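Novice: fold the following.
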Amino acid sequence: MSIDPVAVPPRNPRTRTRSRSLSPIIAFSSAPLPNDKGVQNITRKVIRRLEGLGHLELVDMYATPEDDTDVPSSNVSDGGGGEREMEVEAEDERAEVERALYDELVRRDGALNGNGHANGHVNGHATANGVVAKSPKQRQKVDWEIPRKLLHSSIGFFTMYFYISESDVSKIVFVLWTSLCIIVPADVLRLRSPRFERIYERFLGFLMRESEKTSTNGVIWYILGALLALTFYPADIAVIAIIILSWADTAASTIGRFYGPSSRRLPTHIPFLRIPLAPRKSMAGFVAACLTGGMIAIGFWALIAPVRFAGRDVSWDFVKGVRLGLGSGVGNGSEGFLGGWVGLGVIGVVAGLVSGVAEAMDLGSWDDNLTLPVISGGCLFGFLKLAGWLGKVWTSS
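Specialist: This is a model prediction of the structure:
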């Protein structure tokens, strides 16, 4: 059966009807779209918007010089409709690219902001075509690690108590070594036995960071740092080093988490000295560590140190000044050098700078629970040794 085509009477051009006109036929040429109209055409305006999302510097690798080149009219049969459709398609493609880049910025923001010293927070007030802005209320929640911080800070109080009660340092060292003999095998078993790991983390997991659940427990490095300080430094310097670890590190972490997003990042190294620093840490945390370390040294040598054995074995005395000289024992330095409030203020400034730098140093995989007491105690010990020697030379000349 065949169907004969129905003849359509010719339409009078002057006759106006209510029927919808036929859509224009668009014929595209086989040539590809120009670069400035394709998916790679991210304009400088879009790049500036994306840079505002995460404070990141995006290289103009996809940007092409803006020009007024249009699609040739010979490629479009209706004289303008095809060009508008290509512009709409290019705009949609740019919006998809912006969405993908924004999701990548959000992902990086979440990955870098795990320990409170993150860099590159996404600006919640920036918007792009089709991109949903991130409001301040949607920022990633900060984990303050309150149980861990309480345990970390309490060690400083216990250390002061043992010092004031004139406890034997050798007995404390023995107790710490004994505790390591229990903690280290338990940690090795935790990393090798999934069943024991579940039991271990059920009771002690709230004190651990996520990174420690697949690596060595930070408590081991904490005890090792305290052991090294108590073994190689005088008792008062070792106590200050442990308290700096307990309080200055906690202050830097807490203030860094609170003010870190709005604070500047640390440089990669200290000028001239070339000491490597961790750029992921904030200037706010560095200042907090410096102030806390300085107050620890001033408060300890002014109030706590004279209580133990009536101040006979201290490295610094308020009246006699530095007592740690060139000899092997305390008390070989000169009397009066760096004494009084001026000397205590100088020692406080040195202790503060040492605390801040030791906490902010980037030593790769070394745990700061180990390096902080060793570095801070070693720098204080070296400074007092040098000051005692200079005072001895000054008085003998």
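Novice: correct me, but Pro373 touches Ile223?
Specialist: No: taking CB atoms under 8 Å as the definition, Pro373 is not a contact partner of Ile223, at 10.6 Å. Yep, even glycine has a C-beta here, placed from its N, CA and C like the rest.
Novice: when these two are compared, which one has more neighbours?
Specialist: Counted by other CB atoms under 10 Å, Pro373 and Ile223 do not tie: Pro373 has more neighbours, with 30 against 20.
Novice: for the more buried one, give me the pLDDT.
Specialist: At Pro373, the model reports a pLDDT of 96.
Novice: same question for Gly260.
Specialist: Gly260 is assigned 80 on the pLDDT scale.
Novice: do you know how far it is from Ala252?
Specialist: Here the criterion is CB to CB, to the nearest Å. By it, Gly260 lies 10 Å from Ala252.
Novice: shared neighbours of these two, anything?
Specialist: Common contacts of Gly260 and Ala252, defined by CB atoms under 8 Å, 6 or more residues apart in numbering, comprise Lys281, Gly285.
Novice: neighbour count winner among these two?
Specialist: Legend: neighbour count by other CB under 10 Å for Gly260 and Ala252, higher for Ala252 (30 against 25).
Novice: hang on, the more buried one packs against Ala289?
Specialist: Yes: using CB under 8 Å, Ala252 is in contact with Ala289, at 3.9 Å.
Novice: domain assignment for this protein?
Specialist: Structurally, the chain divides into domains by automatic domain parsing as follows: 35-138, 146-167+232-396.
Novice: how about the strands of the stretch 201-350 of the chain, start to end?
Specialist: Assigned by DSSP state E, counting those that start in this stretch, the strands in the stretch 201-350 of the chain fall at 316-317, 321-322.
Novice: what helices and strands are in contact with the first one?
Specialist: Counting by 3 or more CB pairs under 8 Å, 6 or more residues apart in numbering; DSSP states H and E, the packing neighbours recorded for strand 316-317 are helix 340-360.
Novice: for this protein, give me the ranges with low pLDDT.
Specialist: Counting by pLDDT under 70, the chain has low-confidence residues at 1-85, 88, 102-141, 325-336, 397.
Novice: helices of that one, start to end?
Specialist: 44-54, 81-112, 146-164, 169-192, 194-204, 218-232, 235-243, 249-259, 283-299, 340-360, 368-396 (DSSP state H).
Novice: got the angle between the fourth one and helix 194-204?
Specialist: When axes from the mean of the first three to the mean of the last three CA atoms, to 10 degrees is applied, the directions of helix 169-192 and helix 194-204 differ by 130 degrees.
Novice: contacting residues for Tyr233?
Specialist: Neighbouring residues of Tyr233 by CB under 8 Å, 6+ apart: Ala241, Gly377, Gly378, Phe381.
Novice: distance of it relative to Arg257?
Specialist: Distance, Tyr233 to Arg257, using CB to CB: 31 Å.
Novice: list the residues that contact both of Pro373 and Ile223?
Specialist: Joint contacts of Pro373 and Ile223 (CB under 8 Å, 6+ apart) do not exist.
Novice: can you tell me which of the contacts of Tyr233 has the most neighbours?
Specialist: Ala241 (33 neighbours).
Novice: what sits closest to that one if chain neighbours are left out?
Specialist: Leaving aside its chain neighbours, Ala241 sits nearest to Gly377 (3.2 Å; criterion: CB to CB, 6 or more residues apart in numbering).
Novice: surely the one you found is in contact with Ala238?
Specialist: Yes: Gly377 is within contact range of Ala238, at 6.0 Å (criterion: CB under 8 Å).
Novice: between those two, what contacts are shared?
Specialist: Ala229.
Novice: show me what contacts the residue nearest to Ala241?
Specialist: So Gly377 contacts Ala229, Phe232, Tyr233, Ile237, Ala238, Ile240, Ala241 (CB under 8 Å, 6+ apart).
Novice: the strands of the stretch 201-350 of the chain: which one's closest to Ala90?
Specialist: Ranking the strands of the stretch 201-350 of the chain by their distance to Ala90 (criterion: CB to CB) puts strand 316-317 first, at 72.2 Å.
Novice: who's in contact with that closest one?
Specialist: Identification of contacts with strand 316-317 by CB under 8 Å, 6+ apart yields 236, 301, 305-306, 311, 322-324, 338-339, 343-344, 347, 384.
Novice: what subset of the residues you listed is buried?
Specialist: Buried members of those, scored by 16 or more other CB atoms under 10 Å, are 236, 301, 305, 311, 322-324, 338-339, 343-344, 347, 384.
Novice: just the closest of these to Arg94, please.
Specialist: Using CB to CB, these come closest to Arg94 at Ile347, 60.6 Å.
Novice: with that, I have no additional questions.
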